[in-house]
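Asks: this is the structure alone, sequence omitted:
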């Protein structure tokens, strides 16, 4: 039981890192990046390949994972950032699918749909599975703390204010003489790098990755976590991940007590609950459970359509 | 009975920020009432509240003895009170004729006849009837916006800075059109930055300061008030 | 409004967080009680109930549930009732790992059964061998049993390369000289094509192949491309949802040659879904389905279906094998299953097809040999089932008829 | 021979493209009026496929009636689910609503899974062989699809151009605030757009299910391509959806002449990037950045 709870806390930590990455692009800069699964995949594959094939240390692998995802973030941005928000959302969703297709089909590099098994974990060989779980919880906590620190510094610095200003009114910022493109590009790079870190953390924990891990469902889960927690707020990303896992995992126990419906219906009901959860949070706690900060006008004042 | 009577109106865009802080405002049949004041004084907000785009927090808005405060814009339009916004007041992607058809949406009679009548009343629109509204000049666009509002044969027309962004000549011409409309029996509330030009056609005027009506008087009184002259007429 | 409610939001947040965690622990704690000791023996299924593999997972799970219910009715195993805990792997390794964690660490199951997708199996395998939980899968990737699994993995799906070889031999035996393979990218796609090509070339035949992208609404150009090689026999390597589209597109394209696919693709459901004219004459290969011990009949009565698919048969066997191995060991654990499975699945004991029957014989001190619905269920040293393709059916008028 | 192959591939593209046009038109109509990309079109395509299945295979209705059932049911579900789930979120930015529409999609998919299970199902209609016309093959059902798509496109075009309701929809799409003060109730128009858009998605879902099968994931087979189609054509433009659908269809099918079929989705996105580089709002999109 304890082992299960630790494992879920590690998962919360990994989700929280991913949510922090998403918070930089979506929460702070307002870039509708639905390509999270793709950046996560690049991070996971990078560290898996360099540690397994070239014998790099896990730390080096993780650093490379961050750089590789960040670099890809820049590459994707150059092609897409000038698109309108809604177009960008769909193009980045497609980008994640393409990453998955490449991971599936370029067997020479990624071992294809077989995936990469036996990825090393810190001291995995020397420890019992339970001890390893504890150690990895520590590693996750440390990496999460570093990511949180970076994101907090970013949010508080003048840089973060510019990003938020871009999110709230891009035209205004560009009128003020700032190059919004460059700021958004940097936000994408930082966000993608953090998502890559999340992917690398996943790879070294589970020890196995395959293209199926990086389906767009995970992007949606992380969006859900961030929205529940409070978009724009770094602690919200953390808290939202906790609530998400509590919802995903807790529903197993609750639904196990529901009689008279079959296994498929139970599974369907669980997924329904996830979708409904997101809808309810959006409806009744629009700023998330930990709001970014009390907002007075920014959104409402720009909405001149009459009440419905 | 006044055609429009606003009493103690408090309203704003968000719950915490009331742009209108207690407005008393009255319009009699057949008038052109000018509304003047610095930016942010609440002139446009008043028109939006009357038109039903903003819900009043307190106070009443009466027309024909009925309180219309908080009603749906469509219902207010059905009562013969039409609003012409300052910006985005035509359907850009639609032709002039189609704009007028939307204007006639609430009209129960023969729509093509009334549209034809409107086109012949404004020859500049007649010439461009098939053109998309976005291709019109600024002045033509304002005329179209007013024509669209007039099509339902309203009693009261609320105009929000129709001359904004127009050349002085075009803006003079536009106010002549407003005057002409008024002479056809439509009462007009006119928000204007160009106080001098507006006072030329207005019967009466209000001056707004910080969400309240501070000065009221006939056009003549306002034009001769030294304070108004200094602040709004440049001498 | 927004400002004034922020304090309310915080308290609501605390309330929500507390109730979520509280609800979780309240729900978990009581079930800890019977995880060990003399209570029911917990076993788990981890089948795809949502996602790409969803059309198989429900029946697979129900087959196990049917076995558990029947065994419990007859008094359970080693004097204990069986408790089945079912989780959904969402056809996704990430979700699969979380579900497996819960089965292993909370429910403390002795075995996890019915794992379908190769990626999910590979992802949960380390958890199983580290915790000493037996893992029964129906996955096709040959790499799975090559993992360092310490004997905990049992794969009831016969090796895909061998299947490809036998199907190729069948096609050649039917007189075809131009063969084709159509399948999506899976761990066994390329090995299958290679083996097929090797066998066919040796017999002087040719092989064309297309690897298509899964989950598309039309495969017209893929079909044109494969038909350009004028194949006489096409081998389907994908799963039912995509193969439905392929069969229809082949029919529309006027293909008159023959097709062959596995029984988990062309099954009764498939034949109901696709109009008869498009499936007429299709061949279906079976991996050693045998009703010698009445196992298939039992599935039919459990699930109330006429023709159970291969995966359902395999999961039926998973449950029986796990229960019998524990009965033989007189101990309920994954290690007991690992160490005793071969004692009840192979050898010269009395043939049985249902756990309770076998358990009774074991109690009498007799040796047994489980022969299940998916075949003899004999396993080699790395946990691969040794059975192979044994029979072929042919579709006539929407019905499956024995062929060879 | 090579020439014939190219022509055949082009025709396959048109055939596949017509499968995309109906849901893409639905998507684009909803976008035009409600101003957000609704991912829920995929789920409504599935709803339509199931509604048609129930009408055809359970109640034994002929295909034409089943089409009507698919159209109506998915339209109604579209209106109801929008009222319940998405309407309260309007005014919070198009992307928030778009993300909510993904959540709605998950809910609807699982409602169907709950009710029908995961089994594959098929309509009770015979398959027809393609016609061979001087070495080129064309499917009868696909010709019907093409005709239906083109007729519907013309009908929709005429509806927007000539009818009062159509003009009201355009007015709301253009300027909802002005429309409301001129007496066009934006809520009614939004409801109508939702009904019509999701009904088209449902009809498209039925056509796709005819070629594939009925199951809770059928709409997802076309989700990315229909978005690609709508974007390439220009979100909000009905002719754009048709041109975009055909472009994506042709590009995906013709790409198989030169690249392996495993990268079909990548081709769609390559097309998007190329088109948007040249025309940032798509072929017929009216609004720029």
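Replies: That came through fine. Please read these numbers as outputs of a predicted model, since none were measured by experiment.
Asks: residue C:72: neighbour count?
Replies: A total of 17 residues lie near residue C:72 under the criterion other CB atoms under 10 Å in any protein chain shown. C-beta coordinates here come from the backbone N, C-alpha and C atoms, glycine included.
Asks: nope, residue A:122 is what I was after
Replies: Neighbour tally, residue A:122, other CB under 10 Å: 16.
Asks: what distance do you get for it to residue A:148?
Replies: For residue A:122, the distance to residue A:148 (CB to CB, to the nearest Å) stands at 20 Å.
Asks: tell me who's in contact with residue 136.
Replies: In the absence of a named chain, chain A is used. By CB atoms under 8 Å, 6 or more residues apart in numbering or on different chains, residue A:136 lies in contact with A:10, A:121-122, A:204-205.
Asks: look at chain D instead
Replies: D:4, D:7-8, D:11.
Asks: and with 6 Å instead?
Replies: Neighbour list for residue D:136: D:7-8 [criterion: CB atoms under 6 Å, 6 or more residues apart in numbering or on different chains].
Asks: same check, this time on the one 10 residues further on
Replies: Contacts were defined as CB under 6 Å, 6+ apart; by that measure residue D:146 touches residue D:18.
Asks: separation between it and residue C:162?
Replies: Noted for residue D:146: a distance of 45 Å to residue C:162, by CB to CB.
Asks: name the SS class of the closest residue to residue C:236 other than its chain neighbours, please.
Replies: In space, and not counting its chain neighbours, residue C:236 is closest to residue C:261: 3.8 Å by CB to CB, 6 or more residues apart in numbering or on different chains. Secondary structure, DSSP: H, G, I helix; E, B strand; the rest coil: residue C:261 is strand.
Asks: count of neighbours near residue C:261?
Replies: The number of residues packed near residue C:261 is 27, by other CB under 10 Å.
Asks: so what's it bridging to?
Replies: Beta bridges link residue C:261 to residue C:284, judged by DSSP bridges.
Asks: same list (the contacts of residue A:136) but as JSON lines, adding pLDDT and secondary structure.
Replies: Listed next are the contacts of residue A:136 as JSON lines, based on pLDDT from 0 to 100; DSSP: H, G, I helix; E, B strand; the rest coil:
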{"residue": "A:10", "pLDDT": "97", "secondary structure": "helix"}
{"residue": "A:121", "pLDDT": "93", "secondary structure": "coil"}
{"residue": "A:122", "pLDDT": "93", "secondary structure": "coil"}
{"residue": "A:204", "pLDDT": "97", "secondary structure": "helix"}
{"residue": "A:205", "pLDDT": "96", "secondary structure": "helix"}
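Asks: out of those, which comes closest to residue C:273?
Replies: Ranked by distance to residue C:273 (CB to CB), the contacts of residue A:136 are led by residue A:205 at 40.4 Å.
Asks: the closest one and residue C:98, how far apart?
Replies: Residue A:205 sits 12 Å away from residue C:98, going by CB to CB.
Asks: any idea how far the residue nearest to residue C:236 is from chain A?
Replies: Separation of residue C:261 from chain A (CB to the nearest CB, to the nearest Å) stands at 19 Å.
Asks: where do the helices sit along the stretch 151-300 of chain C?
Replies: For the stretch 151-300 of chain C, applying DSSP state H, counting those that start in this stretch gives helices covering C:160-173, C:189-202, C:220-227, C:240-252, C:268-273, C:276-279, C:295-303.
Asks: can I get the ones you listed in a markdown table with mean neighbour count and distance to residue D:253?
Replies: Formatted as a markdown table, the helices of the stretch 151-300 of chain C follow (neighbours: other CB atoms under 10 Å in any protein chain shown; distance: least, CB to CB, whole Å):
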| stretch | mean neighbour count | distance to residue D:253 |
| --- | --- | --- |
| helix C:160-173 | 21 | 28 |
| helix C:189-202 | 19 | 22 |
| helix C:220-227 | 23 | 4 |
| helix C:240-252 | 25 | 12 |
| helix C:268-273 | 21 | 24 |
| helix C:276-279 | 19 | 21 |
| helix C:295-303 | 19 | 40 |
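Asks: so which of those helices is nearest chain A?
Replies: helix C:189-202 (6.9 Å; CB to the nearest CB).
Asks: okay, the angle between that closest one and helix C:160-173?
Replies: Relative orientation of helix C:189-202 versus helix C:160-173 (axes from the mean of the first three to the mean of the last three CA atoms, to 10 degrees): 30 degrees.
Asks: which other helices and strands contact helix C:189-202?
Replies: Of the remaining helices and strands, those touching helix C:189-202 by 3 or more CB pairs under 6 Å, 6 or more residues apart in numbering or on different chains; DSSP states H and E are helix C:160-173, strand C:178-184, strand C:206-212.
Asks: which stretch among the ones you listed comes nearest residue B:144?
Replies: Of these, nearest to residue B:144 by CB to CB is strand C:206-212, at 55.6 Å.
Asks: and that closest one with chain D, contact?
Replies: Yes - Strand C:206-212 comes into contact with chain D (CB under 6 Å from any CB of the partner chain), by way of C:211-212.
Asks: what pLDDT does the residue in the stretch 51-200 of chain D positioned nearest to chain B get?
Replies: Of all residues in the stretch 51-200 of chain D, residue D:183 sits closest to chain B, at 3.6 Å by CB to the nearest CB. pLDDT for residue D:183: 87.
Asks: quick check, it in a strand?
Replies: No - applying three-state DSSP, one finds residue D:183 to be coil, outside a strand.
Asks: what is the burial count for it?
Replies: 22.
Asks: let me have the contacts of residue A:136 in CSV, extended by distance to residue B:38.
Replies: Output for the contacts of residue A:136, formatted as CSV (distance: CB to CB, whole Å):
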residue, distance to residue B:38
A:10, 60
A:121, 68
A:122, 66
A:204, 63
A:205, 63
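Asks: which parts of the stretch 151-300 of chain A sit against chain C?
Replies: Within the stretch 151-300 of chain A, the residues that sit near chain C (CB under 6 Å from any CB) are A:206-208, A:210, A:212-213, A:246, A:250, A:253-254, A:263-264, A:267, A:271, A:289, A:294.
Asks: with adjacent residues omitted, what lies nearest to the residue of the stretch 51-200 of chain D closest to chain B?
Replies: residue B:106 (3.6 Å).
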